[in-house]
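Trainee: just the structure for this:
(one chain, ligands or ions: 2)
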Amino acid sequence: MGSSGKPRAVVTGITGQDGSYLAEFLLEKGYDVFGVVRRSSTEKFERIKHFQDRITLMHADLTDQGSMIDVITEARPREVYNLAAQSFVPTSWKQPMLTGQVTALGVTCVLEAIRVVDKSIRFYQASSSEMFGNAQETPQRESTPFYPRSPYGVAKVYGHWITVNYRESYGMFAVSGILFNHESPRRGLEFVTRKISLGVARIRLGLDTEVRLGNLDAKRDWGYAGDYVRAMWLMMQQETPEDYVVSSGETHSVREACEAAFSHVGLNWEDHVTVDPKFYRPAEVHLLLGDSAKARTRLKWTPEVSFRDLMGMMVDADIERLQRENQHGAV
Ligand code: NAP
Ligand code: G4F
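Mentor: Ligands and ions are numbered 1, 2, ... in the order given. As a prediction, the model looks like this:
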């Protein structure tokens, strides 16, 4: 609790997709929100600018222990949500060392800061269905063995187990949310759903004719980011710290995502999608499908946005954004 009497939360990765939705959610719940941002020569606050005056931004980096200790010391939060990561899978082959430093060891950096400052602070780790990788069973649940297929997935497995280890070693309230893919109009442009929705919007507005993609057969369990941040908060309100799978329980191929997005504006995806092997991965995760029964029963969590509505929402948002930019002469 701060002097205002409000609960306090620190969110790393607040400038990212999930950080922005989680911060909005926590503000609605009456929290004082402290967002961790790293120094940059240009500000990248696009996703948080509409509520930036209601939060406190603090400079730190997950690769700098002292800076994280300072954040926890100054903010004195009740809860810390560790959402920061190098989160794009293909980049993890190009920059495996950096991915390990941020996405793996960065988790220890935040846990250590909490251990040193105040072990009673609650900790959430943004774990990933990429840990299941070459999935050993379908659907994947909390007990499914991990078999990561990228340096990113390997780094997330470390992050998961170090979270479990701090819980067991120090009795800390540390939880790992194993979240399946979740998307939104705020998704980074390089991820496949956003690449498709932006491509559809550009084609619809006559700005482009094709979208170039990689493996159309890959299947993912896609949900809406706004639904998934609710599950993060619920995990942190439980009596005991436990790990949960969070997923929609449906799987769809990249091809189906194309069909849903193009048909939303009356276009045939086959007229506009070109397969470019440049986007194939050195090792692919072919099929993810989550069983979130534990989250649904224990947390009473249910997702509200369906796959088709999600793709439609993203296409509409990209069309609106492009039209707005066009009015201002940017397109
Ligand atoms: P995102 O949009 O890529 O955001 C990543 C955030 O991490 C950004 O705010 C970024 O800051 C920050 N960051 C990166 N390196 C940092 C460093 N060294 N120090 C401090 N901050 C750093 O990711 P997201 O989609 O919101 O995902 C949030 C978390 O959930 C990530 O850990 C991701 O791996 C995990 N996850 C995501 C999904 C999904 O489907 N979205 C599923 C499972 C797990 P800048 O803005 O400065 O780059
Ligand atoms: O959208 P993606 O890049 O997401 P991916 O690799 O599943 O990772 C995302 O979800 C994870 C949770 O499972 C997070 F942990 C992670 O941080 C990230 O948010 O790719 C999805 C699928 C892949 O199989 C990829 O091969 O789409 C396929 N794909 C086909 N063409 C493409 C493309 N992916 C991208 N990014 N770009 C393409 O052109």
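Trainee: and the residue of the protein closest to ligand 1?
Mentor: Gly16 (2.1 Å; CB to the nearest ligand atom). (Glycine included, C-beta is placed from N, CA and C.)
Trainee: so how far is Ser150 from Arg54?
Mentor: Arg54 is 36 Å from Ser150, where distance means CB to CB, to the nearest Å.
Trainee: those two: which has the busier surroundings?
Mentor: For Arg54 and Ser150, the more surrounded residue by other CB atoms under 10 Å is Ser150, and the numbers stand at 22 against 12.
Trainee: give me the residues contacting stretch 319-329.
Mentor: Residues external to stretch 319-329 that are found in contact with it (CB atoms under 8 Å, 6 or more residues apart in numbering): Pro185, Ala201, Arg202, Arg204, Leu205, Leu207, Val265, Val331.
Trainee: my error: substitute stretch 288-300 in the last question.
Mentor: Judged by CB under 8 Å, 6+ apart, the contacts made with stretch 288-300 from elsewhere in the structure are 129, 132, 135, 138-142, 178, 180-181, 219-221, 231, 234-235, 238, 242, 244-251, 301-302.
Trainee: please indicate which of the contacts of stretch 319-329 are buried?
Mentor: Neighbour-count burial within the contacts of stretch 319-329 applies to Pro185, Ala201, Arg202, Arg204; the criterion is 16 or more other CB atoms under 10 Å.
Trainee: contacting ligand 2 as well, which ones from the residues you listed?
Mentor: Applying CB under 6 Å from any ligand atom, the subset of these adjacent to ligand 2 is empty.
Trainee: so which of those sit within helices?
Mentor: Here DSSP state H is the test, and these give Ala201, Arg202, Arg204 as lying in helices.
Trainee: grab the nearest non-local neighbour of the last one.
Mentor: The spatial neighbour of Arg204 that comes closest, neighbours along the chain excluded (CB to CB, 6 or more residues apart in numbering), is Val265 at 4.8 Å.
Trainee: and what of the first one?
Mentor: For Ala201, the nearest residue in space outside its immediate sequence neighbours is Asp318; the separation is 3.6 Å by CB to CB, 6+ apart.
Trainee: try Thr163
Mentor: Gln125 (4.2 Å).
Trainee: got the phi and psi for that neighbour?
Mentor: Note on Gln125: backbone dihedrals following degrees, to the nearest 10 are phi -110, psi 130.
Trainee: A strand includes Tyr21, no?
Mentor: No: secondary structure of Tyr21 (DSSP: H, G, I helix; E, B strand; the rest coil): helix, not part of a strand.
Trainee: ligand 2 contacts on the stretch 201-331 of the chain?
Mentor: Neighbours of ligand 2 within the stretch 201-331 of the chain, by CB under 6 Å from any ligand atom: Leu213, Gly214, Asn215, Ala218, Arg220, Val254, Phe279, Arg281, Glu284, Val285, Leu288.
Trainee: shaky segments in the stretch 1-150 of the chain?
Mentor: Low-confidence regions of the stretch 1-150 of the chain, defined by pLDDT under 70, span residues 1-3.
Trainee: for it, which residues are neighbours of ligand 1?
Mentor: Of all the residues in the stretch 1-150 of the chain, those lying near ligand 1 are 12-13, 15-19, 36, 38, 44, 61-63, 83-87, 102, 126, 128, going by CB under 6 Å from any ligand atom.
Trainee: just the helices in the stretch 1-150 of the chain please.
Mentor: Secondary structure of the stretch 1-150 of the chain (DSSP state H, counting those that start in this stretch): helices located at 17-28, 65-75, 89-94, 96-99, 106-117.
Trainee: would you turn those helices into TSV with mean neighbour count?
Mentor: Conversion of the helices of the stretch 1-150 of the chain to TSV gives the following (neighbours: other CB atoms under 10 Å):
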stretch	mean neighbour count
helix 17-28	22
helix 65-75	18
helix 89-94	17
helix 96-99	16
helix 106-117	22
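Trainee: how about those helices, which one is nearest ligand 2?
Mentor: With CB to the nearest ligand atom, the closest approach to ligand 2 among these belongs to helix 89-94: 3.8 Å.
Trainee: and the residue lying closest to Ser129 once chain neighbours are set aside, what pLDDT?
Mentor: Ranked by CB to CB, 6+ apart and with sequence neighbours excluded, the top spatial neighbour of Ser129 is Phe180, at 4.3 Å. Model confidence at Phe180, expressed as pLDDT, equals 99.
Trainee: contacts for the host helix or strand of Arg230?
Mentor: With secondary structure defined by DSSP states H and E, Arg230 is part of helix 225-236. Residues from elsewhere that reach helix 225-236, judged by CB under 8 Å, 6+ apart: 17-18, 21-22, 25-26, 29, 79, 81, 122, 124, 126, 173, 175, 177, 179, 182-184, 186-187, 242, 244, 246, 295, 299-301, 303-305.
Trainee: narrow those residues to those in strands?
Mentor: Among the contacts of helix 225-236, the subset assigned to strands under DSSP state E consists of Glu79, Tyr81, Arg122, Tyr124, Ala126, Val175, Gly177, Leu179, His182, Glu183, Tyr244, Val246.
Trainee: what angle sits between the helix or strand hosting the residue nearest to Ala201 and helix 225-236?
Mentor: With the criterion set as DSSP H and E, the secondary-structure element containing Asp318 is helix 307-327. With axes from the mean of the first three to the mean of the last three CA atoms, to 10 degrees as the criterion, the two stretches helix 307-327 and helix 225-236 enclose an angle of 120 degrees.
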